[in-house]
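Chemist: Show me how the following folds:
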Amino acid sequence: MIDVIRLGKRAFAWVTVVATVTWSVGLAAFVAPLTAQAAEVANGDLIKGSLPTVYYYHGNKKYVFPTQKTFLTWYTMDQLEGVDNGGLVKTVSNAEIASFKIGANVTAKPGARMVKITSDPATYAVDAGGQLRHVTSEAAAVELYGSAWNTMIDDVPDGFFVNYVGSEASGDISSSSDFNPAAVEAAATSIALDLGLDDSDTPPAPTPAPAGGSLSVGPSTSNPGSMTLVTDAGNNAGGQRADVLGLSFSAGSDSVQVDTLVLRRSGIASDSDLDDMYLYDGADLVAQVQSVSKGVATFTKSGGLFTVPAGGTTNLDLRVDVNKDASAGITIGWSLAAADITSSADSVSGSASGENHTVAVVSDLAFLDVANVLPAAADTIDPQDDYDLWTFRLDANSQDMLVESLTLTNVGSTDDDDLQNLELWYQGSTQLGSTLGTLTNGTATFDLTGSEDGGFKITSGQQRQLTVRADIKGGTNRTVRFGIQEQTDIVVKDLNYNVYTVPAQDDNSAFAVTQAGGATTINTGSLTQTISTDSPTGNIPDGATNVLLAKFNFKASGEPVKVKNLDISCTGNAATNILKNVKVSFDGSQIGSTLSSLTCDASSPSGTDFSFGNSFTIQEGATGTVEVHGDLTDSTIAASDTTSVTLAAGSSNANGTVSLTALSTTAISGRTLTVKSGAVSVRKNPSLANYTSSRPLGVLGSANVRAGSFIITGGAEASTISQIVLKDDVDTTSDGVTLKDYFDNLSIKHGDTMLHSSPLSLTDTDSTTYTFNLSPNVTLGVGETYVVDVYVDILSTAGVATSNLNDDDTDGAIQVDSVVATGVETSTTTSDTSTDPRLQRLNIATNGSLRVTIDGDTPQDDQLVLGSTDQTFAKFKLAEESNAEDVLIKKFVVADVISVNTAVPFSSTGTMRNLKLYNGSTLLGSVDALDDSKTSTVPVASFDLTGLAAGGFKLAKGSTTVLTLKADLTPWLENESASSTHRATIFTSDADLTTAAQDDYIDAIGLGSGFAISTTNATATSGLVIGVATGATQTALTGNVMDALRTKISIAYSDDAGKVSPSGTVTKSSEQTISILKISNTANVGGYEATIKGLNLDVNSSGISLAGTRVLKVYKDSIDSANQLATTTYALGAANAGFSDTAIDAANFTDITVSAGSSRYVYVTLDTNDSSIGANDTLSIGIQTTAVIGIAGEVMSPVLWSDGSALTLTEVRGMPLTGRSVSY
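Modeler: Numbers count the residues shown, from 1 in each chain. Purely as a prediction, here's the structure:
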């Protein structure tokens, strides 16, 4: 089993039986030198790769935690996290994990818990080194671990019990005097200490290469420590390819060929306990054992097992397959002595010994069933691409399994290159591994370790069908039959025990060959004909020669195919039409003779039309292209005729060159083509609209503006355009008006590319034509379109009134007179013959415009606290509405209209500092303080924008943008002026500025016309409009009111714990709390307190008519007579009989002081113990909207308060405060 702990998105697995093989083919095949890997981890680290298994690392080995419970005796769950998340687990590469051989299994931490196995009722304490101590009684267990002793026992799987040292009778525990769990646990400071490891426990380095023609052998760095080998007789499965010995061979000055290795077994085992033995160099199999007898295993190979390069080292791993019937507890080790090596070396020295490994028997080791699915019997198939050659089934039994590699062998008679692009597919929709170009010695090996799980995962009990698919390119009369021939052809791992295991046949017997149900014979060659996707369609040019009429694909499969002859016919709308000089080409070269004429009457001339001899052969698996060309020069063919070419069906007119099988071509037709004139056509470009007063061409003085656009469309053949002619077609009520009166420098472009050498100067003569000789010429394909744009410069001063052009010319001032073109194929004229189109209407504006308004996102009326910074005062929207030219704003002046309780408003001029003008987040300009030297009424902030990169702020034509005014407020102590009100304003009149001509509020210029746009001439017709009305202006553009105060208060219903203002259903009482108000003084920079001097309430009731006198009371902080602020009496017969708004004047209200950064609570109570108040009657108390008139006729504000200055304030933002409703 696998115990999985899920920590968020992380999961770690505990392998419950130690892996006998940690090598995985694929990633581990490219392991870096161990010295480089070891530097990444240190003794005592917890490590893992991409898979979830966690190991303990020490001395270049990894130690396995068999179960989660074992891990938790040494570590906590938090430590299971990765080091990046505060845990101890380090993630290293899969190659590094594979390079660290398994040292041993970790046993439970001494003293931490007790253990037992299911097959034995005895309970054991764990002592140092995994020593088991039998706890002889429940009383002894209670003494050791308390009354909950039975929760301190972990079950250990039988296969792991061999990791512990057996209990001796002398070590039994009868009482706490025999064993101290706490002391034992405290002494077990590390796993390394418990396993008896130290820093010297590192595999020895490979033996240095001796000098001369010599060979030395020693253990390699991958030599594994003692571990457990797994087998399962019930499932006919044993662990496969388990690493048991690492060998390192070093040569001297000469290379050494090793021919034979004889290895000797140690431990308590027999020859039959292993099924097979292998030598591997990384992932590559070097040799399979030739014989095993009486503990001696011999590896030998004709021509040598391997060669050690001169001065180099070769490392090999000995891997074994464990027999399913091997007994639990037996031990197996292997060694190699110098005397047992046969090689070309003069001398051999050294030896290598492995640890003894213990066999554990389990009852649920995974095994993989393999079964044929398709074909069930022998079959035949035509050569074709993407053919499913073999489908087989893999069944996972007992555990989840991971297939890392599959080797499939073709035992048929085809050559390797007859099958190409081999692929392995799961359920026909998911490809596994990479595509293989061809077979290699009849085999296809699919490496699956690159998959997400490190292989192809099969859940226990599930079946998976896999298919090998390939392109059959050859192999006529040969066979294909795929199968799995060797048990090593499938590398598959039990994911629970983390060991490699064996494939078996479908009936759970031992491994046997599994292959397709019969051989598939590849039929003799075939020929497939299709029309090419790029065979011509649509129009063909009248009078053209060598026109492509049809294009076909001929594909040979199974063997090369020779086509001997083809018959050709044509059809069309007229049976009398004649094609001239018809010829056939194969892969670009003409084959056969040219047919002088072919009548399109759907019949072929008598006899064979085209004979090819040996010139038309399609190679095996290849596709050849056949084209039919002809001339459209015969007088029988005219524009709008149609034609189609057909390859008639043949009779034994082809044959396979290998089998000599006779083949016949099939009838196939080309697409119907229409004969059309090759002339180009011209039309006005609809994507460019006419220019109007709201979207003018430009302003006087604008350069290089797009005055028109037209589209040239290719005819039935490609054309070369050499010349375009435009005509002056200004049509006005005044004679003699021409393009020259408004424009000069006429040019044409395609995109940004000018089509001629230089612009043409205009002539002041009606109907003048302007000829553009294109350089280079433009080639226009069949039916292609080509956009040409016309550009001009607008004169800075019009020769005649622009109204003649803007209003009188209604059908366009420029005409396309002609487009001169020549056919690419026919060399005949393909010039435009359509009606000469007139291009877009033109409109010239005098100058651009600028409208300035208050933006909808400008701040609403607000109270700002003195000392606060970066406060937004106003947002101005700027719009260029003429669409005629870009506008450059050079200066932007904003006035501050100040209002204070004094006759001299300039007493608060210093309130604003560091004024800034922004466009979005871009700072355009700044001033330190308001300037009052240029005006007698208001101070201003004058932003000079000429220092910007463009010489000002550029507003593109037809666009809008927003400018934002921000400023800092000076602290009260710095200015000590009374609280003041500020409004950002732009005036249209500059009369109060010292030098009006130089100090306009807005100074701008049209970038095309050079027209001055300023507040000096702020009218709808002169360019600058202040305000929102089209064609009108207003005297000033004023922002909202910004009050600058020493502090700012807020009033809201309290929702604080224990002080929640009531709502919902309540019960009547003589002093019922109806409302709790929270007054806060938190928006405060200077630490100033606020004083509440008066408060009038909005009292509303429904269904209530008082039967007696009732009293409303207002308290601060709590309902206590000492805290009472004011009262209102509702008396029968009095002017205020019934519940109504309060009218409390300042003299009858006790002031409340609210310190900076704090809040005070106001309680409003009411005597509701009145007989008139009944079920469903409602009552609410808020703060009034407007001032109320008292009984004596005096005016009383809803809120009176002071910020500590000389003023009494009456405004609080957020008012009125609508009361919360209570009901009875």
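Chemist: Only C-alpha atoms from now on, for both contacts and neighbour counts.
Modeler: OK.
Chemist: Show the contacting residues for the residue nearest to the spatial centre of the chain.
Modeler: The centroid of the chain falls nearest to Glu452 when counting by Cα atoms, centre = their mean (18.8 Å). Taking Cα atoms under 8 Å, 6 or more residues apart in numbering, we find Glu452 in contact with no residue.
Chemist: where does it land in three-state SS?
Modeler: Following DSSP: H, G, I helix; E, B strand; the rest coil, Glu452 is assigned to coil.
Chemist: Pull up the gap between it and Leu432, please.
Modeler: For Glu452, the distance to Leu432 under the criterion Cα to Cα, to the nearest Å works out to 11 Å.
Chemist: before we move on, what about Ser758?
Modeler: On the measure of Cα to Cα, Ser758 and Leu432 end up 63 Å apart.
Chemist: out of those two, which sits in the more crowded spot?
Modeler: Counting neighbours by other Cα atoms under 10 Å for Ser758 and for Leu432 shows that Leu432 has the greater number, 21 against 12.
Chemist: Now for the protein, the helix or strand with the poorest mean pLDDT.
Modeler: Among the helices and strands of the chain, strand 2-7 carries the lowest confidence by mean pLDDT, DSSP states H and E, at a mean of 26.
Chemist: State whether Leu80 and Thr91 are indeed in contact, as I suppose.
Modeler: No - taking contacts as Cα atoms under 8 Å, Leu80 lies outside contact range of Thr91: 11.7 Å.
Chemist: When the two are compared, which one has more neighbours?
Modeler: Residue environment comparison for Leu80 versus Thr91 gives the larger neighbour count to Leu80, 23 against 19, counting by other Cα under 10 Å.
Chemist: before we move on, could you check phi and psi at the more buried one?
Modeler: Note on Leu80: its backbone torsions stand at phi -70, psi -20 [degrees, to the nearest 10].
Chemist: likewise Met152?
Modeler: phi -100, psi 20.
Chemist: ok, it - how many residues close by?
Modeler: Applying other Cα under 10 Å, we find 13 other residues in the vicinity of Met152.
Chemist: Please identify the buried residues of stretch 833-841?
Modeler: For stretch 833-841, burial by neighbour count (16 or more other Cα atoms under 10 Å) applies to 836-841.
Chemist: tell me the mean pLDDT for it?
Modeler: Stretch 833-841 shows a mean pLDDT of 86.
Chemist: Off-centre distance for it?
Modeler: Here stretch 833-841 shows a centroid-to-chain-centroid distance of 50 Å under the convention Cα atoms, centre = their mean, to the nearest Å.
Chemist: Repeat that for stretch 430-437.
Modeler: Taking mean C-alpha positions (Cα atoms, centre = their mean), stretch 430-437 and its chain are 26 Å apart.
Chemist: buried set for it?
Modeler: By neighbour count with 16+ other Cα under 10 Å, stretch 430-437 contains the buried residues 432-433, 435-437.
Chemist: One more: stretch 681-699?
Modeler: Buried residues in stretch 681-699, counted by 16+ other Cα under 10 Å: 681-685, 690-693, 695-699.
Chemist: Okay, and which of those residues map to strands?
Modeler: Among the buried residues of stretch 681-699, the members falling in strands are 681-684, 698-699 (criterion: DSSP state E).
Chemist: Just to be sure, Ile1005 is in a strand?
Modeler: Yes - counting by three-state DSSP, Ile1005 falls inside a strand.
Chemist: residues contacting the residue nearest to it when sequence neighbours are not counted?
Modeler: With Cα to Cα, 6 or more residues apart in numbering as the criterion, Ile1005 has its nearest non-adjacent residue at 4.6 Å, and that residue is Ala1012. With contact taken as Cα under 8 Å, 6+ apart, Ala1012 is in contact with 1003-1006.
Chemist: just Val938 next, same as before
Modeler: Applying Cα under 8 Å, 6+ apart, the residues near Val938 are 895-898, 906, 932.
Chemist: now those as a markdown table including secondary structure and distance to Asn43?
Modeler: Conversion of the contacts of Val938 to a markdown table gives the following (DSSP: H, G, I helix; E, B strand; the rest coil; distance: Cα to Cα, whole Å):
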| residue | secondary structure | distance to Asn43 |
| --- | --- | --- |
| Ala895 | strand | 76 |
| Asp896 | strand | 75 |
| Val897 | strand | 77 |
| Ile898 | strand | 77 |
| Phe906 | helix | 79 |
| Asp932 | coil | 79 |
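Chemist: on that earlier part again, return the closest of the buried residues of stretch 681-699 with respect to Asn180.
Modeler: Comparing those against Asn180 with Cα to Cα places Arg695 closest, at 97.4 Å.
Chemist: mind checking how far the nearest residue to the closest one once chain neighbours are set aside is from Val792?
Modeler: The shortest distance from Arg695 to any residue that is not its chain neighbour, by Cα to Cα, 6+ apart, is 5.3 Å, and that residue is Asn883. Asn883 sits 18 Å away from Val792, going by Cα to Cα.
Chemist: Also Ser693?
Modeler: For Ser693, the distance to Val792 equals 18 Å [Cα to Cα].
Chemist: do the same with Ala182
Modeler: 98 Å.
Chemist: between these two, who's got more neighbours?
Modeler: Taking neighbours as other Cα under 10 Å, Ala182 and Val792 compare with Val792 leading, 24 against 13.
Chemist: ok so that one is a strand residue?
Modeler: Yes - under three-state DSSP, Val792 sits within a strand.
Chemist: Was I right to think it contacts Lys740?
Modeler: No - counting by Cα under 8 Å, Val792 does not reach Lys740; the two are 10.5 Å apart.
Chemist: Got the domain ranges for this protein?
Modeler: Structural domains assigned to the chain are 2-195, 214-361, 367-522, 526-676, 681-845, 850-1045, 1047-1223, following automatic domain parsing.
Chemist: Break down the protein into its helices, ranges please.
Modeler: With helices called from DSSP state H, the chain shows them at 34-38, 68-74, 94-99, 138-145, 158-161, 181-187, 191-195, 802-803, 972-975.
Chemist: Gly129 is nearest to which of those?
Modeler: helix 191-195 (4.9 Å).
Chemist: send the alpha carbons of the closest one over as PDB?
Modeler: Once non-C-alpha atoms are left out, helix 191-195 reads as follows in PDB (Å, rounded to 0.1, in the frame of the first residue of the first chain):
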ATOM      1  CA  ILE A 191      18.600   8.100  12.100                       C
ATOM      2  CA  ALA A 192      22.300   7.900  11.200                       C
ATOM      3  CA  LEU A 193      23.200   7.200  14.800                       C
ATOM      4  CA  ASP A 194      20.400   4.600  15.100                       C
ATOM      5  CA  LEU A 195      21.600   2.800  11.900                       C
END
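Chemist: What are the buried residues along that helix?
Modeler: Along helix 191-195, these residues count as buried under the neighbour rule (16+ other Cα under 10 Å): 191-192, 194-195.
Chemist: Asp1177: which of these is nearest?
Modeler: Sorting the buried residues of helix 191-195 by how near they are to Asp1177, with Cα to Cα, puts Ile191 at the top with 78.0 Å.
Chemist: shouldn't that closest one be in contact with Val106?
Modeler: Yes - the pair Ile191 and Val106 qualifies as a contact (Cα under 8 Å) at a distance of 7.4 Å.
Chemist: Spatially nearest residue to Glu486, not counting backbone neighbours?
Modeler: Nearest in space to Glu486, with sequence neighbours left out and distances taken as Cα to Cα, 6+ apart, is Val513 at 6.8 Å.
Chemist: what's the neighbour count on the one you found?
Modeler: When counting by other Cα under 10 Å, one arrives at 13 neighbours for Val513.
Chemist: Now do the contacts for Asp931.
Modeler: 939-942.
Chemist: could you dump the buried residues of stretch 681-699 to a markdown table with pLDDT and distance to Val480?
Modeler: Rendered in a markdown table, the data for the buried residues of stretch 681-699 read as follows (pLDDT from 0 to 100; distance: Cα to Cα, whole Å):
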| residue | pLDDT | distance to Val480 |
| --- | --- | --- |
| Ser681 | 91 | 61 |
| Val682 | 95 | 63 |
| Arg683 | 94 | 64 |
| Lys684 | 94 | 66 |
| Asn685 | 95 | 64 |
| Asn690 | 94 | 73 |
| Tyr691 | 92 | 75 |
| Thr692 | 90 | 78 |
| Ser693 | 85 | 80 |
| Arg695 | 89 | 75 |
| Pro696 | 92 | 77 |
| Leu697 | 92 | 76 |
| Gly698 | 89 | 78 |
| Val699 | 89 | 81 |
